[in-house]
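Asks: this is the structure alone, sequence omitted:
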């Protein structure tokens, strides 16, 4: 009996950490942090777009005095989009994520209207600053799409990890993990970047 106890005492330090690691002790927080990091990338790209909007509005304002209503709407949508902040702890709250998504969708729609209105200004389409902004905006929309895709993949990995054995044990008992909310389009077609083509 004492021999068995000594043998058990020897095995516990060896197999204890292995058993704990199989229960998501390290993998759950690692997956959670990866998803939060990807969300930070999404926010960075939306901030990049918001910063471009000011320059785009100023350039269009100089060329198209008649588009004041559209410019005001885009500026207001930008202000609203940047005022809705979502931190990493809010990623488990579908309502907060939906509010963030709605504000971003409103800005996308406003940009679409602004872009459509510039077709009436040939001088604007040949403006070098405007062409650079067009290129940067198109690039940013692509970056946003990629960042959202990467975030959703990280969220899926995390959500699967906290729901499947054996990681679910550590996720629930030790970490109190909650599922994260993936980014989903709030309006039909919102997952598509607005078409930015001033070359016509």
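Replies: Yep, it's here. Computed from a predicted structure; not experimentally measured.

Asks: when you work out contacts or count neighbours from here on, use the C-alpha atoms and nothing else.
Replies: Will do.

Asks: any idea which helix or strand carries residue 135?
Replies: Using DSSP states H and E, residue 135 sits within helix 128-163.

Asks: that helix packs against which elements?
Replies: Applying 3 or more Cα pairs under 8 Å, 6 or more residues apart in numbering; DSSP states H and E, one finds that helix 128-163 makes contact with helix 27-63, helix 167-170.

Asks: repeat the analysis, applying 10 Å as the threshold.
Replies: In terms of contacts (3 or more Cα pairs under 10 Å, 6 or more residues apart in numbering; DSSP states H and E), helix 128-163 is packed against helix 27-63, helix 94-117, helix 122-125, helix 167-170.

Asks: what angle do the very next helix or strand once past the first one and helix 94-117 make?
Replies: Toward the C-terminus, helix 27-63 is succeeded by helix 68-83 as the next helix or strand (DSSP H and E). For helix 68-83 against helix 94-117, the angle by axes from the mean of the first three to the mean of the last three Cα atoms, to 10 degrees is 150 degrees.

Asks: dump the residue contacts of the residue nearest the centre of the chain.
Replies: By Cα atoms, centre = their mean, the chain has its centre lying nearest to residue 42, at 3.1 Å. Contact analysis of residue 42 by Cα atoms under 10 Å, 6 or more residues apart in numbering lists 36, 48, 143, 144, 145, 146, 147, 148, 149, 150, 151, 183.

Asks: tally of neighbours for residue 5?
Replies: Using other Cα atoms under 10 Å, residue 5 is surrounded by 10 other residues.

Asks: quick check: which element contains it?
Replies: In this structure, residue 5 sits in helix 2-21 according to DSSP H and E.

Asks: quick revisit: could the helices and strands packed on helix 128-163 be laid out in a markdown table, adding distance to residue 2?
Replies: A markdown table is the format used below for the helices and strands packed on helix 128-163 (distance: least, Cα to Cα, whole Å):
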| stretch | distance to residue 2 |
| --- | --- |
| helix 27-63 | 36 |
| helix 94-117 | 56 |
| helix 122-125 | 87 |
| helix 167-170 | 32 |
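
Asks: give me whichever of those helices is most buried.
Replies: Per residue and on average, the most neighbours among the helices and strands packed on helix 128-163 fall to helix 167-170, with a mean of 22 (mean count of other Cα atoms under 10 Å).
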